[in-house]
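Enquirer: need coordinates for the below:
(one chain, ligands or ions: 2)
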Amino acid sequence: MTGYIGRFAPSPTGPLHAGSLVAALASWLDARANHGQWLVRIEDVDTARCLPGLDQIILRQLSDCGLLPDQPPVWQSQRSALYQRALEQLLEGGLAYPCTCTRRELEQAPGRAGEVRRRHTELIYPGTCRNAMTHHPTANRKAATAWRLRTDANPVIHWSDRRLGRQQQDVETEVGDFVLQRADGCFSYQLAVVVDDAEQGITDVVRGEDLSNNTARQIMLQECLGLPRLCYLHTALVLGANGEKLSKQNGASAIDTSQALDALNQAASLLGLQTQGGTLGDALDSWIQAWRQVWTPLYNPVP
Ligand code: GLU
Ligand code: ZN
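Expert: Ligands and ions are numbered 1, 2, ... in the order given. Sure, this is the predicted structure:
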């Protein structure tokens, strides 16, 4: 075992489909290729969007495919105390603040027209309550509709992705002060992921390119919380027949794990690996070898 710890972090909003199996397989292969550990984290922080029982279905699908975590899975819904502590730390440091804007106010703020919403992305927040805060730091606590991170201290984040190369994002202008906790108490994906990745000792994130736009926000949060930076590899998107990202919304059906090798072969070929016959174990082993050829020579973790 090396110091490498990777993870697969499914949201239990549906069973694994061809697209999510690619993310699972890629993260598993990268962990194995690096002689590391592979963890599974159920991202059920937004309980309203999660369907009961889906966590067990996903875990079963993974094990049917031979993708077994090296530690017992964790559930975000049981980890609120960790997220609360991180939010308190940010508030004490003056890095987060209560926002009292209503949904209507947010939607009607200037410059809204034509804004494109991406996965895990809100409307760009113009900083209204941040500016009010500067004079009365705790005035809005009671009326908060959300708690947001200040993105104006070091707004431009630079990082290097193992596939996409050098990246940068101006979080303040491209995203705005983003939500850490909603008024209903639900912690945001960004806060939960960053806290959990650090708490679980994750060193490497391997996930689909649709999530790459979240990376700068997550690095910014790591910096604000004094947490280590991770290495990132965003794999190519899996597109459906309509050319859109494959998702439950455009009809991606659950993988059939009674035919686990077929499902894995499909995922492997989407990752540019050759299809394999034989046993599941043999196929997985040959993909680990192939993955090492493609991804480990290039692998120089650069912060
Ligand atoms: N749970 C997140 C999602 O399914 C993925 C989190 C991650 O890999 O960072 O969108
Ligand atoms: Zn506000």
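Enquirer: for residue 36, give me its contacts.
Expert: 1-6, 30, 203-204 (C-beta atoms under 8 Å, 6 or more residues apart in numbering). Every residue, glycine included, has its C-beta placed from N, CA and C.
Enquirer: go with 6 Å
Expert: 2, 4-6 (C-beta atoms under 6 Å, 6 or more residues apart in numbering).
Enquirer: how about residue 40?
Expert: 8, 69, 73.
Enquirer: which of the three states applies to it?
Expert: strand (DSSP: H, G, I helix; E, B strand; the rest coil).
Enquirer: confidence score at it?
Expert: pLDDT recorded at residue 40 is 98.
Enquirer: now swap in residue 180 and tell me
Expert: For residue 180, pLDDT reads 97.
Enquirer: quick one: contacts of whichever strand or helix holds it?
Expert: For residue 180, the host element (DSSP states H and E) is strand 179-182. Under the contact criterion C-beta under 6 Å, 6+ apart, strand 179-182 has outside partners 87, 96, 146-149, 187-188, 191.
Enquirer: switch the cut-off to 8 Å
Expert: For strand 179-182, contacts defined as C-beta under 8 Å, 6+ apart pick out 83, 87, 90, 96, 99, 122, 145-149, 187-188, 190-191.
Enquirer: and it, which residues are buried?
Expert: Within strand 179-182, the residues that count as buried by 16 or more other C-beta atoms under 10 Å are 179-181.
Enquirer: thinking again about what came up before, of the contacts of residue 36, closest to ligand 1?
Expert: Comparing the contacts of residue 36 against ligand 1 with C-beta to the nearest ligand atom places residue 6 closest, at 10.3 Å.
Enquirer: ok, for the closest one, nearest residue in space, not its chain neighbours?
Expert: Leaving aside its sequence neighbours, residue 6 sits nearest to residue 31 (C-beta to C-beta, 6 or more residues apart in numbering; 3.9 Å).
Enquirer: wait, that neighbour sits on residue 38?
Expert: Yes. Counting by C-beta atoms under 8 Å, residue 31 does reach residue 38; the two are 3.8 Å apart.
Enquirer: which residues do these two both contact?
Expert: 5-6.
Enquirer: which residues touch the residue of the stretch 101-250 of the chain found nearest ligand 1?
Expert: The nearest approach of the stretch 101-250 of the chain to ligand 1 comes at residue 207, 3.9 Å away (C-beta to the nearest ligand atom). By C-beta under 8 Å, 6+ apart, the contact set of residue 207 is 9, 23, 26-27, 234-235.
Enquirer: next one, pLDDT for residue 133 please.
Expert: 68.
Enquirer: ranges for the strands of this protein?
Expert: Secondary structure of the chain (DSSP state E): strands at 5-8, 37-42, 74-75, 96-99, 146-149, 156-161, 165-170, 179-182, 204-208, 231-235.
Enquirer: list the buried residues in the helix or strand of the chain with the lowest mean pLDDT.
Expert: The least trusted helix or strand in the chain, going by mean pLDDT, DSSP states H and E, turns out to be helix 103-108, with a mean of 80. Residues of helix 103-108 classed as buried: residue 106 (neighbour count, 16+ other C-beta under 10 Å).
Enquirer: out of the contacts of residue 40, which comes closest to residue 224?
Expert: Taking C-beta to C-beta as the measure, residue 8 is the one of these closest to residue 224, at 25.7 Å.
Enquirer: that closest one - how many residues pack around it?
Expert: Using other C-beta atoms under 10 Å, residue 8 has 26 neighbouring residues.
Enquirer: quick one: the nearest residue to residue 4 once chain neighbours are set aside from residue 28, how far?
Expert: Sequence neighbours aside, residue 36 is the residue nearest to residue 4 in space, at 2.7 Å (criterion: C-beta to C-beta, 6+ apart). Residue 36 is 10 Å from residue 28, where distance means C-beta to C-beta, to the nearest Å.
Enquirer: swap in residue 125?
Expert: 36 Å.
Enquirer: so which of these two has more stuff around it?
Expert: More neighbours surround residue 28 than the other of residue 125 and residue 28, with 26 against 22 (other C-beta under 10 Å).
Enquirer: list the contacts of the more buried one.
Expert: Contacts of residue 28 (C-beta under 8 Å, 6+ apart): 6, 8, 38, 67.
Enquirer: and the nearest residue to residue 225 once chain neighbours are set aside, what does it touch?
Expert: Spatially, and ignoring its direct neighbours in sequence, residue 225 is nearest to residue 86 (5.8 Å; C-beta to C-beta, 6+ apart). Residue 86 makes contact with 191, 194-195, 225 under the criterion C-beta under 8 Å, 6+ apart.
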